[in-house]
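Visitor: Fold the stuff below for me.
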Amino acid sequence: MEESQHGVLTYENVCGNSSVMGTKTESTRQEVDLDRPKPPPANEVMCEVLENPLTKLCGIVGKVSLHFEDKGIRIMRSDGKASVEIPLNMIRKFGRKQTIMFYFEVGRRFCFGEGFIIMKCCSPEDAKLVNSYLDEAFGKRK
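Guide: Here you go, the predicted structure:
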């Protein structure tokens, strides 16, 4: 690995075969920009939970923050009066509705019973973040 004067780390993929080592390796050279900041993982998103029988029973209707953890999702009301943790193994389905709506369905083993939790995110990007987090979390479980 070599570090150039511009803060870019370059390395080459070289085989042990001597006939390959003498050839041009531009196609295998990769550059990693060390100066470019990586976006932080989506670990908190602000949303509004819409009212339905399940969300009313949980006490999480209204403005909430979603906290993503390794084992599941924590939904906390902005006024701090209620908090619900949903383990990943309780989530049956999830997805986006329209551009800023997000939903997930919890199974009957969830402490408040089965049903849907539908949220209105602040922006389409937030809805994408929630969806990508759950895609990644469920991909790790398999």
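Visitor: quick one: low-confidence ranges for the protein?
Guide: Counting by pLDDT under 70, the chain shows low-confidence ranges at 1-42, 141-142.
Visitor: quick one: terminal-to-terminal distance for stretch 69-89?
Guide: Its first and final residues considered, stretch 69-89 spans 13 Å by C-alpha to C-alpha, to the nearest Å.
Visitor: Need the contact partners of that stretch.
Guide: Here stretch 69-89 makes contact (C-beta atoms under 8 Å, 6 or more residues apart in numbering) with 43, 46, 49, 58-60, 62-67, 90-91, 104, 106, 110, 112, 117, 137-138, 141. Heads up, the C-betas are built off the backbone N, CA and C, glycines and all.
Visitor: List the buried residues for the lengthiest helix in the chain?
Guide: Secondary structure assigned by DSSP state H gives helix 124-141 as the longest helix of the chain. By 16 or more other C-beta atoms under 10 Å, the buried positions in helix 124-141 come out as D126, A127, K128, L129, V130, N131, Y133, L134, A137.
Visitor: What of stretch 76-89?
Guide: Buried-residue list, stretch 76-89, by 16+ other C-beta under 10 Å: M76, R77, V84, I86.
Visitor: Distance of R92 relative to K71?
Guide: 17 Å (C-beta to C-beta, to the nearest Å).
Visitor: partner strands of whatever helix or strand I118 lives in, parallel or antiparallel?
Guide: Using DSSP states H and E, the element containing I118 is strand 115-121. Each strand paired with strand 115-121, and its direction, by DSSP bridges: strand 44-49 (antiparallel), strand 101-106 (antiparallel).
Visitor: Among these, which comes closest to C122?
Guide: Closest approach to C122 among the strands paired with strand 115-121 is made by strand 44-49 (5.6 Å; C-beta to C-beta).
Visitor: Pull out the CA atoms of the closest one and give them to me as PDB.
Guide: Extracted in PDB, the C-alpha atoms of strand 44-49 (Å, rounded to 0.1, in the frame of the first residue of the first chain):
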ATOM      1  CA  GLU A  44     -32.000   8.100  15.000                       C
ATOM      2  CA  VAL A  45     -34.800   9.400  12.800                       C
ATOM      3  CA  MET A  46     -37.700  11.800  13.800                       C
ATOM      4  CA  CYS A  47     -41.200  10.700  12.700                       C
ATOM      5  CA  GLU A  48     -44.800  11.100  13.600                       C
ATOM      6  CA  VAL A  49     -46.700   7.900  14.500                       C
END
